[in-house]
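Colleague: Attaching a predicted model along with its sequence, questions to come.
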Amino acid sequence: MFKNKKVKPFIEFNITEKCNYCCDYCSQGHLNKKYPNQLNNATDEVIEGLIKFIKELGQDYEVNLIGGEPFCHPRLIETAKAIAGLGNKIMLITNMSASPLLYKQFIEATNNKLHLIHGALHIAQVKNLDKNIQNIIEVKKLINPNTIFRICSVVEEDTFETLKYIESKLKKEEIEFIFLRCLKSNGRYSYYSKQIEDYIRPKEHQYNRDIITNKQTDTSKVMCFAGYKILHINTKGDVLRCWSKQSKNNFEYFGNVKEVNKIKLFKKAMPCFAKNCNCNHPTTQNGYYYSIFAPLYRLIYK
């Protein structure tokens, strides 16, 4: 099951660790509470190094801008414009709290290179729900018809009726809405009351399924293109294989964008060295495949 020809080259850039929200079910909320004064933005040096790195890699790479909340970084729009100017597609993961004016500036800066806006609506953090919904509708009017625009909300028992209300409002505007399940520590779905399950199960989105697939993958048997065609870059500029801890032999670290000439990526798919996968990118990008030789490769490379 070799998928090399299907792999979508992908960079995830964590432009900021800061977020203006503090959700109980999100790892960011934990960071905000525990390290409120230790969360950083990517520096100018990191951003300039990132642009140079992407230029060397070429236009095939989609660049996903994440946080924290990306709009907490003062150079988000400028960075997106520079990346799009190189010919690369842009993706944005956001909590939709920024003003429609800022989204307008972002959309104009990325021109026709904006591939996806994945917005999260966090009910407990929103002061005026109807205004927030209206802002989302305004953003929908601004984007190119070819841009994927979807909104998700984490399902909780006491917020379900509100989520149905949001869904009905957005559906009228042809905006995709995802009922996002909470995940248990073992990577299993969270299950809800029969009323909720009967409603959301038929609507189960591929986004949910991708997350679960990765959480339940036996990574000891996986050859993965992360580190070759799938990369994660943190706010410090470190070029990492992915979110998961890989090995003691630096199979997770490839260098820093502040020294682009020293970055050394894999030349092919390599065995995953993590105990379990912590993100859905390999699934989404067709970035891994099972191999009977993966356990042997693990021994060789260790």
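Modeller: Alright, I've got the coordinates.
Colleague: need the helices for the stretch 101-250 of the chain, in chain order.
Modeller: In the stretch 101-250 of the chain, the helices defined using DSSP state H, counting those that start in this stretch lie at 129-142, 160-171, 194-200, 206-215.
Colleague: Please dump the ones you listed into JSON lines; it should also carry mean pLDDT, distance to Ile263 and mean neighbour count for every row.
Modeller: For every residue, glycine as well, the C-beta is placed using N, CA and C. Compiled in JSON lines, the helices of the stretch 101-250 of the chain are given as follows (pLDDT from 0 to 100; distance: least, CB to CB, whole Å; neighbours: other CB atoms under 10 Å):
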{"stretch": "helix 129-142", "mean pLDDT": "96", "distance to Ile263": "35", "mean neighbour count": "16"}
{"stretch": "helix 160-171", "mean pLDDT": "96", "distance to Ile263": "41", "mean neighbour count": "16"}
{"stretch": "helix 194-200", "mean pLDDT": "94", "distance to Ile263": "42", "mean neighbour count": "14"}
{"stretch": "helix 206-215", "mean pLDDT": "80", "distance to Ile263": "25", "mean neighbour count": "17"}
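Colleague: Nearest to Ser153, out of the ones you listed?
Modeller: helix 160-171 (5.3 Å; CB to CB).
Colleague: Convert the C-alpha atoms of that closest one to PDB, please.
Modeller: Written as PDB, here are the backbone C-alpha positions of helix 160-171 (Å, rounded to 0.1, in the frame of the first residue of the first chain):
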ATOM      1  CA  PHE A 160     -25.800  20.400  22.400                       C
ATOM      2  CA  GLU A 161     -29.000  22.400  21.800                       C
ATOM      3  CA  THR A 162     -26.900  25.600  21.300                       C
ATOM      4  CA  LEU A 163     -24.800  23.700  18.700                       C
ATOM      5  CA  LYS A 164     -27.900  22.700  16.800                       C
ATOM      6  CA  TYR A 165     -28.900  26.400  16.800                       C
ATOM      7  CA  ILE A 166     -25.500  27.400  15.400                       C
ATOM      8  CA  GLU A 167     -25.700  24.600  12.800                       C
ATOM      9  CA  SER A 168     -29.100  25.800  11.600                       C
ATOM     10  CA  LYS A 169     -27.900  29.400  11.300                       C
ATOM     11  CA  LEU A 170     -24.800  28.500   9.300                       C
ATOM     12  CA  LYS A 171     -26.500  25.900   7.100                       C
END
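Colleague: what's that helix packed up against?
Modeller: Applying 3 or more CB pairs under 8 Å, 6 or more residues apart in numbering; DSSP states H and E, we find helix 160-171 packed against helix 129-142, strand 148-154, strand 176-180, helix 194-200.
Colleague: and Tyr253, which of the helices of the stretch 101-250 of the chain is closest to it?
Modeller: helix 206-215 (21.0 Å).
Colleague: What are the boundaries of the strands in this structure?
Modeller: Under the criterion DSSP state E, the chain contains strands at 10-14, 62-66, 90-94, 114-120, 148-154, 176-180, 222-224, 230-233, 238-240, 253-256, 270-271, 288-290.
Colleague: can I get the helices and strands packed on helix 160-171 in JSON lines with distance to Thr162?
Modeller: Listed next are these as JSON lines, based on distance: least, CB to CB, whole Å:
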{"stretch": "helix 129-142", "distance to Thr162": "7"}
{"stretch": "strand 148-154", "distance to Thr162": "8"}
{"stretch": "strand 176-180", "distance to Thr162": "12"}
{"stretch": "helix 194-200", "distance to Thr162": "12"}
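Colleague: mind checking which of the ones you listed is nearest Pro271?
Modeller: Closest of the helices and strands packed on helix 160-171 to Pro271 is strand 176-180, at 30.5 Å (criterion: CB to CB).
Colleague: List the buried residues for the closest one?
Modeller: In terms of neighbour count (16 or more other CB atoms under 10 Å), strand 176-180 has its buried residues at 177-180.
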